[in-house]
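J.: sharing a sequence plus its predicted fold:
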Amino acid sequence: MTVEMDKIVSLCKRRGIIFQNSEIYGGIGNTWDYGPLGVELKKNVKDAWWKSVVYERDDMEGLDAAILMNPATWQASGHLESFTDPLVDCKKCKHRFRLDDLDSKGCPDCGGELTEARSFNLMFKTFVGPVEDSASVTYLRPETAQGIFVNFVNVQQMMRRKIPFGIAQIGKSFRNEITPGNFTFRTREFEQMEIEFFVKPGTDEEWYQRWVDERFRWYLDLGINRDNLRLRDHASTELAHYAKSCVDIEYLFPMGWSELEGIANRSDFDLRQHAEHSRKDLSYFDEAAKEKYIPYVIEPSAGADRATLAFLIDAYREEKVKGEKRVILGLQHRLAPIKVAVLPLLRNRPDIVEAARSIAADLRLRYKAVYDDTASIGRLYRRQDEIGTPYCVTVDVQSIDDRQVTVRERDSMRQVRVPIEGVVDYLTDCLNRGELVDLAG
Ligand code: ATP
């Protein structure tokens, strides 16, 4: 089932996942804010990425470079010259289009005549310091990659790294996109999760393939349906100015197959350019082989917002339970914004409330858990299903006598009675295994 984007947008708003930015002023086009649950979800996506590409490997280092850089960076990287979209305007209705998006010669909206294509640079220009003159112009970075390239020697030497090794970074990027849209799919401010992996020339094709496989698997491991994921090779005419080859990992979004992540073989383009422009030696000396070279670079570049959106869409399900619609976000436990919700069956019984609050407090020491008594139990379950909470704990009248609570699983709606003593360990076990654990006996 492919869910319509409108359903996702409305669920996101209703449940505090994603809000329209500056909404009280009527918003600003295609700009979104992550709400209390969205910030958790996106953080979990970024953490899963960092764990997989930094912690679980012995050939990676992390970095957090600044958004503003010396503008010479953008001269060297080619972005000042080539980071452009060809645009055409309709002479009649004045609408503006990306040339790449047009099938016909006339305006798609009114059929009017179009202007010649003009280049439009996608970088946001800004000024540093008190004077707004050409000497103080700089740009908001359109990719995080350049912060990695200019730190290549620092990281390699200070961390005593031998090639092959890579640098990972998560951070904001900015592009003055002509056609933003499709919710958080294409925005002007977004977060990237980028890797620059430095290899010996000649081994680049092999490393390229390895990273394609590795990154494809990451989405599957986090629960994306295999049928909704595919690879698409770029034709040579489509390649970015720096790329030797490039493949996109695409996801079947509601608007069709679209890029989730690009993996490019950037050759030695960037390091060579920066070496030339900065007049610094950015080559690598291989001690063992007594060889000096400029490394090739494989770049898996993912969007944190696009990945988050894909996980949301892929997890969305509607079911009929006893004639009623049940909406579930079947997110993998690692990604779920809230891991456990503790719910009292009766909110006017102080002993039940106290027991529930105390369990929630214990859970909070380990992960994101909530206490909620703002509705009837049926509604509370539905609310938690909709935001993908894997487990609910219900404290009822009997719990006070037998010191047991009910644990309910989101996907199967199965319920088990578990002693209050040890319920925290029990839930942690279930979360780690990704399923309801049967208690012995
Ligand atoms: P597109 O063709 O969709 O504009 P791109 O090929 O320009 O993307 P890259 O430069 O390869 O994108 O950027 C790497 C990743 O960064 C993309 O795969 C995507 O996940 C993310 N990304 C790029 N532009 C945006 C944007 N405007 N909004 C949200 N995410 C983006």
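T.: Noted; the coordinates are in hand. Model, not experiment: these values are computed from the prediction.
J.: which residues touch residue 346?
T.: 352, 396, 397 (Cβ atoms under 8 Å, 6 or more residues apart in numbering). In short, each C-beta sits where N, CA and C put it, glycine included.
J.: tell me the spacing between the closest residue to the first one other than its chain neighbours and residue 350.
T.: Right, residue 352. Distance criterion Cβ to Cβ, 6 or more residues apart in numbering; nearest residue to residue 352, sequence neighbours excluded, is residue 344 at 4.7 Å. With distances taken as Cβ to Cβ, to the nearest Å, residue 344 is found 10 Å from residue 350.
J.: of the two, which one has the most company?
T.: The neighbour count for residue 344 versus residue 350, taken as other Cβ atoms under 10 Å, is higher for residue 344 (27 against 10).
J.: what's the neighbour count on the residue of the stretch 1-150 of the chain at minimum distance from the ligand?
T.: The nearest approach of the stretch 1-150 of the chain to the ligand comes at residue 143, 5.9 Å away (Cβ to the nearest ligand atom). Neighbour count for residue 143, taken as other Cβ under 10 Å: 18.
J.: identify the bridge partners of the nearest residue to it once chain neighbours are set aside.
T.: Spatially, and ignoring its direct neighbours in sequence, residue 143 is nearest to residue 173 (5.4 Å; Cβ to Cβ, 6+ apart). Residue 173 forms beta bridges with residue 190, as assigned by DSSP bridges.
J.: residues contacting residue 173?
T.: 140, 141, 142, 143, 144, 189, 190, 191, 192.
J.: before we move on, back to that, wait, the residue nearest to residue 352 sits on residue 353?
T.: Yes - using Cβ atoms under 8 Å, residue 344 makes contact with residue 353 at a distance of 5.1 Å.
J.: for the residue of the stretch 1-150 of the chain closest to the ligand, give me its contacts.
T.: Neighbouring residues of residue 143 by Cβ under 8 Å, 6+ apart: 173, 192, 194, 301.
J.: could you check the distance from it over to residue 359?
T.: Distance, residue 143 to residue 359, using Cβ to Cβ: 45 Å.
J.: repeat for residue 418
T.: For residue 418, the distance to residue 359 - Cβ to Cβ - is 10 Å.
J.: shared neighbours of the two, anything?
T.: Any residue near both residue 418 and residue 359 by Cβ under 8 Å, 6+ apart counts here, and that gives residue 405.
J.: of the two, which one has the most company?
T.: Each of residue 418 and residue 359 has its neighbours counted (other Cβ under 10 Å); residue 359 has more, 23 against 19.
J.: according to the record, where do the domains of the chain fall?
T.: Listed domain ranges for the chain are 5-62+149-312, 85-120, 338-433 (source: automatic domain parsing).
J.: how far off centre is the second one?
T.: So the one you mean is domain 85-120. The chain centre lies 32 Å from the centre of domain 85-120; the measure is Cα atoms, centre = their mean, to the nearest Å.
J.: tell me if that domain is near the ligand.
T.: No - applying Cβ under 6 Å from any ligand atom, one finds domain 85-120 out of contact with the ligand, separated by at least 9.0 Å.
J.: helix, strand, or coil at residue 54?
T.: Three-state call for residue 54 (DSSP: H, G, I helix; E, B strand; the rest coil): helix.
J.: what's the neighbour count on it?
T.: Residue 54, neighbours per other Cβ under 10 Å, totals 18.
J.: identify the contacts common to residue 344 and residue 353.
T.: Counting by Cβ under 8 Å, 6+ apart, the residues touching both residue 344 and residue 353 are residue 373.
J.: just to revisit the earlier point, which of the domains of the chain sits closest to residue 324?
T.: Taking Cβ to Cβ, domain 338-433 is the member of those nearest to residue 324, at 8.8 Å.
J.: rank the domains of the chain by pLDDT, which is bottom?
T.: Here the lowest mean pLDDT among these goes to domain 85-120, at a mean of 87.
J.: buried residues in it, which are they?
T.: By neighbour count with 16 or more other Cβ atoms under 10 Å, domain 85-120 contains the buried residues 85, 87, 88, 89, 90, 97, 107, 114, 117.
J.: first to last residue in that domain, what's the distance?
T.: Distance across domain 85-120, first residue to last, is 5 Å (Cα to Cα, to the nearest Å).
J.: what about residue 35, how many residues close to it?
T.: A count of nearby residues for residue 35, using other Cβ under 10 Å, gives 17.
J.: isn't it right next to residue 18, touching?
T.: Yes - contact between residue 35 and residue 18 holds when scored by Cβ under 8 Å: they sit 6.3 Å apart.
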